[in-house]
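In: My questions are about this predicted structure, shown below with the sequence.
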Amino acid sequence: MVDLYIKHEDEDNHLPIDVEKTLVKKTSFLMEKLGVEKLTIFFCEVETIKNLNKDFRNQDKPTDILSFNNSSEIDNAGDIDESNFGELAVCLEICKKQALEYQLLFIEELMRLVVHGLVHITGKDHQNDEDEQVMLAQEIQLLDLIEFKDLY
(Lines give C-alpha, C1' and ligand atoms only; values in the text may rest on other atoms or scores of the structure.)
Protein backbone atom coordinates (compact mmCIF):
# COMPACT_ATOMS: atom_id res chain seq x y z
CA MET A 1 0.00 0.00 0.00
CA VAL A 2 1.31 3.45 -0.91
CA ASP A 3 0.45 6.91 0.36
CA LEU A 4 0.14 9.53 -2.37
CA TYR A 5 -0.76 13.11 -1.54
CA ILE A 6 -1.62 15.87 -3.99
CA LYS A 7 -1.17 19.48 -2.87
CA HIS A 8 -1.86 22.69 -4.76
CA GLU A 9 -0.20 26.00 -3.99
CA ASP A 10 -3.12 27.79 -5.64
CA GLU A 11 -6.29 26.23 -4.26
CA ASP A 12 -8.26 27.75 -7.17
CA ASN A 13 -6.06 26.10 -9.81
CA HIS A 14 -6.63 22.33 -9.56
CA LEU A 15 -6.07 19.60 -12.07
CA PRO A 16 -9.10 18.48 -14.08
CA ILE A 17 -10.75 15.50 -12.33
CA ASP A 18 -9.93 13.03 -15.12
CA VAL A 19 -6.27 14.11 -15.14
CA GLU A 20 -5.98 13.81 -11.36
CA LYS A 21 -7.61 10.34 -11.38
CA THR A 22 -5.17 9.13 -14.03
CA LEU A 23 -2.25 10.72 -12.20
CA VAL A 24 -3.16 9.04 -8.90
CA LYS A 25 -3.81 5.62 -10.46
CA LYS A 26 -0.68 5.50 -12.62
CA THR A 27 1.63 7.07 -10.01
CA SER A 28 0.42 4.74 -7.25
CA PHE A 29 1.11 1.75 -9.51
CA LEU A 30 4.63 2.98 -10.23
CA MET A 31 5.29 3.76 -6.58
CA GLU A 32 4.52 0.13 -5.72
CA LYS A 33 6.82 -1.10 -8.51
CA LEU A 34 9.66 1.17 -7.36
CA GLY A 35 9.19 0.71 -3.62
CA VAL A 36 8.31 4.36 -3.00
CA GLU A 37 5.90 4.14 -0.08
CA LYS A 38 5.03 7.80 0.44
CA LEU A 39 4.94 10.62 -2.09
CA THR A 40 3.62 14.16 -2.16
CA ILE A 41 3.14 15.92 -5.47
CA PHE A 42 3.07 19.67 -4.92
CA PHE A 43 1.73 21.72 -7.82
CA CYS A 44 3.18 25.20 -7.65
CA GLU A 45 3.54 28.49 -9.46
CA VAL A 46 6.51 29.60 -11.58
CA GLU A 47 7.91 31.91 -8.90
CA THR A 48 7.76 29.18 -6.26
CA ILE A 49 9.58 26.59 -8.37
CA LYS A 50 12.14 29.22 -9.31
CA ASN A 51 12.79 29.90 -5.61
CA LEU A 52 13.00 26.19 -4.82
CA ASN A 53 15.41 25.67 -7.72
CA LYS A 54 17.56 28.53 -6.45
CA ASP A 55 17.49 27.32 -2.83
CA PHE A 56 18.12 23.64 -3.49
CA ARG A 57 20.04 23.52 -6.77
CA ASN A 58 21.65 26.97 -6.81
CA GLN A 59 20.01 27.71 -10.18
CA ASP A 60 18.17 31.02 -10.31
CA LYS A 61 15.63 30.03 -12.93
CA PRO A 62 12.31 28.19 -13.09
CA THR A 63 12.18 24.52 -13.95
CA ASP A 64 9.43 22.02 -14.71
CA ILE A 65 9.94 19.58 -11.81
CA LEU A 66 12.07 19.14 -8.72
CA SER A 67 12.50 15.92 -6.75
CA PHE A 68 13.24 15.58 -3.08
CA ASN A 69 13.83 12.22 -1.46
CA ASN A 70 14.59 10.77 1.91
CA SER A 71 15.24 7.10 2.49
CA SER A 72 14.83 7.16 6.24
CA GLU A 73 12.40 8.92 8.54
CA ILE A 74 12.50 9.21 12.31
CA ASP A 75 9.13 8.32 13.79
CA ASN A 76 7.66 9.70 17.04
CA ALA A 77 9.41 7.05 19.15
CA GLY A 78 12.80 7.98 17.69
CA ASP A 79 13.11 4.74 15.73
CA ILE A 80 14.19 4.82 12.12
CA ASP A 81 11.58 3.87 9.53
CA GLU A 82 13.42 2.60 6.46
CA SER A 83 10.56 3.42 4.08
CA ASN A 84 11.25 5.30 0.90
CA PHE A 85 9.43 8.58 0.49
CA GLY A 86 9.72 11.78 -1.44
CA GLU A 87 8.19 14.95 -2.75
CA LEU A 88 7.84 16.25 -6.26
CA ALA A 89 7.31 19.95 -6.97
CA VAL A 90 5.71 20.44 -10.39
CA CYS A 91 5.12 23.77 -12.06
CA LEU A 92 1.77 23.44 -13.83
CA GLU A 93 2.34 26.45 -16.07
CA ILE A 94 5.65 25.10 -17.38
CA CYS A 95 4.16 21.60 -17.76
CA LYS A 96 1.31 23.02 -19.88
CA LYS A 97 3.72 25.02 -22.06
CA GLN A 98 5.96 22.00 -22.61
CA ALA A 99 3.01 19.81 -23.54
CA LEU A 100 2.15 22.27 -26.31
CA GLU A 101 5.80 22.62 -27.36
CA TYR A 102 6.34 18.83 -27.52
CA GLN A 103 2.91 18.25 -29.07
CA LEU A 104 1.80 16.04 -26.20
CA LEU A 105 -1.41 15.89 -24.26
CA PHE A 106 -1.16 17.61 -20.88
CA ILE A 107 -1.53 14.26 -19.05
CA GLU A 108 1.27 12.80 -21.17
CA GLU A 109 3.70 15.58 -20.27
CA LEU A 110 2.61 15.46 -16.63
CA MET A 111 3.21 11.71 -16.42
CA ARG A 112 6.55 12.09 -18.22
CA LEU A 113 7.64 14.60 -15.58
CA VAL A 114 6.32 12.55 -12.66
CA VAL A 115 8.12 9.43 -13.90
CA HIS A 116 11.31 11.48 -14.26
CA GLY A 117 10.88 12.67 -10.67
CA LEU A 118 10.18 9.17 -9.37
CA VAL A 119 13.36 7.87 -10.98
CA HIS A 120 15.28 10.65 -9.22
CA ILE A 121 13.65 9.71 -5.90
CA THR A 122 14.93 6.15 -6.33
CA GLY A 123 18.47 7.49 -6.51
CA LYS A 124 19.16 7.94 -10.20
CA ASP A 125 20.60 11.16 -11.61
CA HIS A 126 21.83 12.51 -14.92
CA GLN A 127 25.19 14.07 -14.12
CA ASN A 128 26.84 12.62 -17.23
CA ASP A 129 25.81 11.13 -20.58
CA GLU A 130 26.01 7.52 -19.40
CA ASP A 131 23.84 8.16 -16.33
CA GLU A 132 21.40 10.14 -18.44
CA GLN A 133 21.02 7.22 -20.86
CA VAL A 134 20.40 4.78 -17.98
CA MET A 135 17.85 7.11 -16.46
CA LEU A 136 16.09 7.72 -19.78
CA ALA A 137 15.86 3.99 -20.49
CA GLN A 138 14.25 3.42 -17.09
CA GLU A 139 11.80 6.28 -17.66
CA ILE A 140 10.76 4.86 -21.02
CA GLN A 141 10.31 1.40 -19.48
CA LEU A 142 8.14 2.82 -16.66
CA LEU A 143 6.07 4.91 -19.05
CA ASP A 144 5.48 1.80 -21.17
CA LEU A 145 4.25 -0.03 -18.05
CA ILE A 146 1.53 2.58 -17.55
CA GLU A 147 0.68 2.69 -21.25
CA PHE A 148 2.26 6.03 -22.09
CA LYS A 149 4.42 5.33 -25.11
CA ASP A 150 6.57 7.39 -27.48
CA LEU A 151 6.85 10.45 -25.23
CA TYR A 152 10.57 10.91 -25.94
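Out: Okay, I see it.
In: surely Ile65 meets Leu88?
Out: Yes - between Ile65 and Leu88 a contact is recorded at 6.1 Å, counting by C-beta atoms under 8 Å. For the C-beta atoms, the positions are set from N, CA and C on the backbone; glycine is no exception.
In: Quick one: the strands in the protein, in order.
Out: In the chain, the strands defined using DSSP state E lie at 3-8, 38-44, 65-70, 73-74, 80-81, 85-91.
In: now those strands in CSV, with mean pLDDT?
Out: What follows is the strands of the chain, written out as CSV (pLDDT from 0 to 100):
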stretch, mean pLDDT
strand 3-8, 95
strand 38-44, 96
strand 65-70, 89
strand 73-74, 41
strand 80-81, 42
strand 85-91, 94
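In: between the ones you listed, which one is nearest to His126?
Out: Set against His126 and scored by C-beta to C-beta, these come closest in strand 65-70, at 11.6 Å.
In: Now do the buried residues in that closest one.
Out: Buried residues in strand 65-70, defined by neighbour count with 16 or more other C-beta atoms under 10 Å: Ile65, Leu66, Ser67, Phe68, Asn69.
In: Next, the angle strand 85-91 makes with that strand.
Out: On the basis of axes from the mean of the first three to the mean of the last three C-alpha atoms, to 10 degrees, strand 65-70 is oriented at 170 degrees to strand 85-91.
In: before we move on, back to that, got TSV for the strands of the chain, with distance to Lys26 too?
Out: Formatted as TSV, these follow (distance: least, C-beta to C-beta, whole Å):
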stretch	distance to Lys26
strand 3-8	10
strand 38-44	12
strand 65-70	16
strand 73-74	25
strand 80-81	26
strand 85-91	14
